[in-house]
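>>> just need the structure, nothing else, for what follows:
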Amino acid sequence: MDARTEFGQLVHQVAFFVGDRDLDAALAADLNDAFGYGSEMHDSLGRLIHAGESEGWLLAREVGGIKFGRPVKPGREAGHFSVDVVHMADIRGPHHIHVSGEIGVMFPLEGAPAFDGGRDAWYVYPPASDHHPTVSGGAAHILYFLPDGAIEFTGR
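Predicted structure coming up:
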């Protein structure tokens, strides 16, 4: 099976696990328990992100020092979620609002990176939350699920 197909199957499994649960701290805890650092899912997704980057179907664009790509649009492998991946290294990204929430997972690449100050593999932001995504202390890939692909960049 090729890397892109395997990636689609894994994000489908995560989306199925999430289902229609509330985007809250309990979901983040469950994701970290099931798919956190050292799990087969986390290791496989990290490997597939590297493969996707080298094969050119992932992280093909770059703006302001952040590489990014959206390999899965809503209505495909991940159900109503879009799936985006970014590469960030000691950088503060553009401010945005999570219209319907965000579920993400960090893959440390170098140093001891923190995403928005946290070091857990998985994080969950509720609907209407906002931030400047920030990786400090190193470099990481961040994979995130957006319900219905909804995100609003504010320019702040």
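
>>> who touches the least confident helix or strand in the chain by mean pLDDT?
Using mean pLDDT, DSSP states H and E, strand 152-153 stands out as the lowest-scoring helix or strand of the chain, at a mean of 92. For strand 152-153, the external contacting residues (CB atoms under 8 Å, 6 or more residues apart in numbering) are Pro94, His95, His96, Ile97, Val99. Bear in mind the C-beta positions are built from the backbone N, C-alpha and C, glycine included.

>>> if we go to 10 Å?
With contact meaning CB atoms under 10 Å, 6 or more residues apart in numbering, strand 152-153 is reached by Gly93, Pro94, His95, His96, Ile97, His98, Val99, Ala128, Asp130.

>>> within the sheet, what are the partner strands of that strand, with directions?
strand 96-98 (antiparallel) (DSSP bridges).

>>> list the buried residues for the next helix-or-strand element following the partner strand?
Remark: after strand 96-98, the chain's next helix or strand is strand 102-115, criterion DSSP states H and E. The neighbour-count check on strand 102-115 (16 or more other CB atoms under 10 Å) flags Glu102, Ile103, Gly104, Val105, Met106, Phe107, Pro108, Leu109, Pro113, Ala114, Phe115 as buried.

>>> which one of those residues sits closest to Phe16?
Nearest to Phe16, judged by CB to CB, of the buried residues of strand 102-115 is Ile103 at 12.8 Å.

>>> so for that closest one, what's the nearest residue that isn't a sequence neighbour?
Phe145 (4.4 Å; CB to CB, 6 or more residues apart in numbering).

>>> now swap in Phe17 and tell me
In space, Phe17 is closest to Ala34, 6.6 Å off (CB to CB, 6+ apart).

>>> which helices and strands sit right next to the helix or strand where the one you found lies?
Assessed by DSSP H and E, Ala34 sits inside helix 25-35. For helix 25-35, the contact count by 3 or more CB pairs under 10 Å, 6 or more residues apart in numbering; DSSP states H and E identifies helix 3-18, helix 40-55, strand 102-115, strand 122-125 as packing neighbours.
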